[in-house]
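>>> what shape does this take:
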Amino acid sequence: MRIHNPFSDWKQIQFYATILVFCIVPMACVLLFPDIFYKEYPIESFVVFHNITEIFSIIVSFSIFGLGYYSYSQSRNTQTYFLSIGFLVIGLIDFMHTLGYKGMPDFVTPNSGNKSTQFWIIARFITALVFIIAIFVKPNKRYSAIRENLYIVFAFVFVAFVYQLVIFYSHFIPDTYIHGVGLTQFKKNAELVIMFMLVLAIVLYSFSKSLHSDKQRQYYLGAFIICFFSELVFAVYTSVFDVFNVLGHIFKVVAFQMIYKAVFVSAINEPYEKLIHSNALLSKEIQENEEYAKVIQKSLKEKENLIGEIFHRTKNSMELVRSLLMIQSSDFPNDKNIQNIVEDTSLKIQTMSLVHDHLYRNKDLSEIQVSDYLLSLTELVKSMFPNLGNGVDIKLESNQGVLLLDTAIPLGLIFTELLSNSLKYAFTDVKNAKIFIKFQIDGDRSHFEYKDNGIGLPVSFDTNDQKKLGLSLLKIIAEKQMGGNLRIDGTQGFSFQFDFPNNLYKRRV
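Residues are numbered from 1 along each chain as shown. From the prediction side, this is the model:
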C-alpha cells in the first residue's frame, strides 16, 4: 500500500521551507547577535502587545469551537467536533493566562510571572494532547458517547479545576518562573515534553489518512512546526518581557491562524468545495447528456427518414409488381379466370401498399389511424368496381384509434376481401343495396362488424369447407394470424363479426 508523503510535492516543500526560515532566522539573529537584537521591553508596552496577541489567539480558539461545534449537526465530522471542544478549553485557559499576566490588574490573587506561566504550560500541554488524540478520532465514525451538552459541561468543569488549581492551590504545582532567576528546570522540562508531543503530532499527521485533504494536512503540520519553535523560545527566555517572549507570541499567533484554517477547511470550506466539485461534475454530465441527446435525436431522425423511405420504396415496389401482373394478364384478355385472379391479387397488393403509403405520410412510423385507413380502402375497392361501387350505399363507422403495421395489413386484407365480394356477388339490383361497416377499439380488443343486404349465402354453404382462396385466406388471417374470433351468418344478407386482440404485436419503431 502506498503511504502518503506530505513532502513529495514541490509546493509543499516551498511552504515548509518558508515556515522554517520564518522561525529559525529571527531566533538565530537573537542568539548570534544578542547585542543587536536582544532587548527587554517596558512592562507597559509589552503588556499591550501581550494582550493583543493573546486576545487574537483566544478569539481564534473560540472561533474554532464555534465552527466545529455548530457545524457538527450538518458535517457530522467527529474529529472536528472533538477539536472544537478542546479549543474551548484552550481558549478559556489562555484567557486566564492573559488576566494573570504580570502587569495586568490582579486576577483574584496577585499576578506574577509564575502564575501566568503555569496557565501557559497547562494550555500548551492540552493543545498538544488534543491534537494527538484527535488524529485517532475517525471523522466519519459515529461514537455513541457523543453528547454535545455533556462535553460542554465537561469542558467547563475541567477549566474550573485548572482555575482552582492555579489560583488557590498553586503550591501543588512546581514553580515555573522565579523573578530575578528566570525559568525553572520544571518549566524547561515541561517545554521539552510539549515539544516532543508536537514532534509526535507531526509524525502522526504526516501519515494519517483521516484528514480531508493535503491542504488541511499542510496547515496542521505548519502549525505544529511553528508551535514547536514557539515552545523552544519559551524554554530559553530569562524575562517575561524580553524579545524571546515577543517571538514566542508571534509564533503562537501564526500557528493559531493556521490551525483555524485547517479546521475551517474540514468544517466549512471542504464540504463547500465538495459541493462545488459535485455541481461541476453534474453540470458536465448534463452537458454531455444534452450532446448525447442531440446525437441520438439526429440518429433517430435519420432512421425515421430511412424507414419512411423504405415504406415509400416498398409501396413503389408493390405497385411495380402489380403493374407487371396487369401487363402479363393483358396477354389473356379472354380468359376470365386469369383476369379474376389478377384482379384479386392486384387488390391485395394495393391493400398492403396503402398501409405503407399511410405510414410514409404519418409522423408515427409504427401505427396508422384506423378510420382514415378503412376509408382509403373503401375508395380503393369502389374505384375497382366503378359501376357497382358508386351505386351501393356504403356506411362506415369507426372510432378514433390506431393500429400497428402488423395488425393493419391483415385487417385491410379481410376488409377488401369482404367489400369486393359484396360488390361482385351480393347484389342483383344496386338501387337498394346497402353495406354497413363498423370498427371499434375497446381497451385491448378491437371489434369489426360487416353487413350487407344482398342475397346472402346459399343454404348448403359451409364456412369450414371452402376451397376458394378468398374465404379460406380470410379465415386463416382472422383466426390464425390475428388470433381472433370469427362469426359468419348468410341467412339474411351477409353478416361478418370479428373481434381480435390489438396487443398481439409490439411497436417496432
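
>>> gap between the residue of the chain most remote from its centre and F385?
Distance from the C-alpha centroid of the chain peaks at N334, with 77.1 Å (CA atoms, centre = their mean). Using CB to CB, to the nearest Å, we find N334 at a distance of 21 Å from F385. In short, each C-beta sits where N, CA and C put it, glycine included.

>>> repeat for N399
From N399 over to F385 (counting by CB to CB), the distance is 27 Å.

>>> who has more neighbours, these two?
F385 (17 against 11; other CB atoms under 10 Å).

>>> which phi and psi values does the more buried one adopt?
Backbone geometry at F385, expressed as degrees, to the nearest 10, gives phi -130, psi 70.

>>> just checking, it touches S422?
No - the pair F385 and S422 fails to qualify as a contact (CB atoms under 8 Å) at a distance of 9.8 Å.

>>> that older thread, the residue farthest from the centre of the chain belongs to a strand?
No - with the criterion set as DSSP: H, G, I helix; E, B strand; the rest coil, the secondary structure at N334 is coil rather than a strand.

>>> tell me the SS of L31?
In three-state terms, and counting by three-state DSSP, L31 is helix.

>>> residues near it, how many?
In terms of burial, L31 registers 12 neighbours under the definition other CB under 10 Å.

>>> ok, now how distant is it from S63?
Shown here: L31 relative to S63, a distance of 34 Å by CB to CB.

>>> then Y373?
Remark: distance between Y373 and S63 (CB to CB) = 78 Å.

>>> S116 now?
Relative to S63, and taking CB to CB, S116 is found at 23 Å.

>>> quick one, which of the two is more surrounded?
Taking other CB under 10 Å, S116 and S63 do not tie; S116 has more neighbours (26 against 17).

>>> surely that one touches Y101?
Yes - here S116 lies in contact with Y101, judged by CB under 8 Å, at a distance of 4.3 Å.

>>> phi and psi next, for V137.
Dihedral angles of V137 (phi, psi; degrees, to the nearest 10) stand at phi -90, psi 120.

>>> the residue nearest the centre of the chain sits in which helix or strand?
Among the residues of the chain, the one closest to the centroid is L282, at 6.6 Å (CA atoms, centre = their mean). Taking DSSP states H and E as the definition, L282 sits inside helix 270-329.

>>> T491 now?
Per DSSP H and E, T491 falls between elements, in no helix or strand.

>>> re earlier: give the residues shared as contacts by S116 and Y101.
Common contact partners of S116 and Y101 (CB atoms under 8 Å, 6 or more residues apart in numbering): V240.

>>> and the host helix or strand of L413, what does it pack against?
L413 belongs to helix 405-421 when assigned by DSSP H and E. Helix 405-421 sits against helix 336-361, strand 367-369, helix 370-384, strand 434-442, strand 445-452, helix 469-475, strand 494-501, with contacts defined as 3 or more CB pairs under 8 Å, 6 or more residues apart in numbering; DSSP states H and E.

>>> using PDB, write out the CA atom coordinates for that helix.
The C-alpha coordinates for helix 405-421 follow below in PDB (Å, rounded to 0.1, in the frame of the first residue of the first chain):
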ATOM      1  CA  LEU A 405     -48.500  -2.100 -39.000                       C
ATOM      2  CA  ASP A 406     -48.600  -5.800 -38.300                       C
ATOM      3  CA  THR A 407     -52.300  -5.600 -37.400                       C
ATOM      4  CA  ALA A 408     -53.400  -3.100 -40.100                       C
ATOM      5  CA  ILE A 409     -52.200  -5.200 -43.100                       C
ATOM      6  CA  PRO A 410     -54.200  -8.400 -42.200                       C
ATOM      7  CA  LEU A 411     -57.300  -6.300 -41.200                       C
ATOM      8  CA  GLY A 412     -57.100  -4.500 -44.600                       C
ATOM      9  CA  LEU A 413     -56.900  -7.800 -46.500                       C
ATOM     10  CA  ILE A 414     -60.100  -9.000 -44.700                       C
ATOM     11  CA  PHE A 415     -61.800  -5.700 -45.300                       C
ATOM     12  CA  THR A 416     -61.100  -5.600 -49.000                       C
ATOM     13  CA  GLU A 417     -61.900  -9.200 -49.500                       C
ATOM     14  CA  LEU A 418     -65.400  -8.700 -47.900                       C
ATOM     15  CA  LEU A 419     -66.100  -5.500 -49.700                       C
ATOM     16  CA  SER A 420     -65.000  -6.700 -53.100                       C
ATOM     17  CA  ASN A 421     -67.100  -9.900 -52.700                       C
END
